[in-house]
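K.L.:
Provided below for reference: sequence and predicted model.
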Amino acid sequence: MAARSKSSKKSSKGKGSLDSELAAAQEAIKNLRATVAKLEKSVGKLENKLEKRVSELKRDAKRLRGAAEQAGKSAVRSARDAGKSAAKTARTSTRKATGSKPAPAAKVEVVPVQAAPKSEMTVAQLRAAARTQGVAGYSRMTKAQLVAALKG
C-alpha cells in the first residue's frame, strides 16, 4: 500500500502543475490575441493613411500633368510665333537689301536609294533617303556614314 500512496501523490502533484501550465498558456493566448487585434487596428489605420496619400498624389499628378500640357502648348505657340516673326523679319530685310522678293527655298529631291549610286547623291538626298528608311541619327551623320548606313 505504500507504493500506492506515493503514486497518488505524484499524479496529484503533476495534475496541479499541468493545470497551472494550461492556465499560463491560456493567458498567453489571450495576450497574443489582444496584441493581434491591436496590430490589425494599426494596419487598418495605416491602410487608410496610405489610401489618402495615394489619392493626394494622384490628384497632384493630374494637376501637374495639366500644367505641363499647358506649358507645352504655350511653348509651341511661342515658338511658332517666334518663327513667323523671324521669317517676316528675314523677308523684310531681304526685300530691303535686294529690292525684290527672296527666291523660294530649294526643295530636296528624294531619289529612290536603289535608283542612284549612293556616293553620287548629295548629303541632303542621303538624309532624305535615310529618313524614309528609318535610320536613327541620320541628321548628325556625315556623308560617308550615311552611305554606309544606307548600304546595310
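P.N.:
Done, it's in.
K.L.:
please count neighbours and contacts with C-alpha atoms only from this point.
P.N.:
Will do.
K.L.:
centre-most residue in this structure?
P.N.:
Centrality entry for the chain: nearest residue to the mean C-alpha point is A61, 12.5 Å, by Cα atoms, centre = their mean.
K.L.:
how about stretch 36-50 as CSV, C-alpha atoms only?
P.N.:
This file holds the C-alpha atoms of stretch 36-50, laid out as CSV (Å, rounded to 0.1, in the frame of the first residue of the first chain):
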residue,chain,number,x,y,z
VAL,A,36,-3.0,40.8,-32.8
ALA,A,37,-6.2,42.9,-32.5
LYS,A,38,-4.1,46.0,-31.8
LEU,A,39,-1.9,45.3,-34.7
GLU,A,40,-4.8,44.7,-37.0
LYS,A,41,-6.2,48.0,-35.9
SER,A,42,-2.9,49.7,-36.6
VAL,A,43,-2.7,48.1,-40.0
GLY,A,44,-6.2,49.4,-40.8
LYS,A,45,-5.2,52.9,-39.8
LEU,A,46,-2.1,52.7,-41.9
GLU,A,47,-4.0,51.4,-44.9
ASN,A,48,-6.4,54.4,-44.6
LYS,A,49,-3.5,56.8,-44.4
LEU,A,50,-1.9,55.2,-47.4
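K.L.:
domain ranges for the chain, per the record?
P.N.:
Using automatic domain parsing, the domain ranges for the chain come out as 16-103, 106-152.
K.L.:
to which secondary structure element is the residue nearest to the centre of the chain assigned?
P.N.:
In this structure, A61 sits in helix 2-98 according to DSSP states H and E.
K.L.:
packing partners of the helix or strand containing A129?
P.N.:
Take DSSP H and E as the rule and A129 turns out to sit in helix 123-133. The criterion is 3 or more Cα pairs under 8 Å, 6 or more residues apart in numbering; DSSP states H and E, and the helices and strands that helix 123-133 contacts are helix 143-151.
K.L.:
check contacts around R140.
P.N.:
The contact partners of R140, by Cα atoms under 8 Å, 6 or more residues apart in numbering, come to none.
K.L.:
for V123, see how far away it is.
P.N.:
11 Å (Cα to Cα, to the nearest Å).
K.L.:
next, work out how far apart K30 and S20 are.
P.N.:
Relative to S20, K30 is positioned 15 Å away (Cα to Cα).
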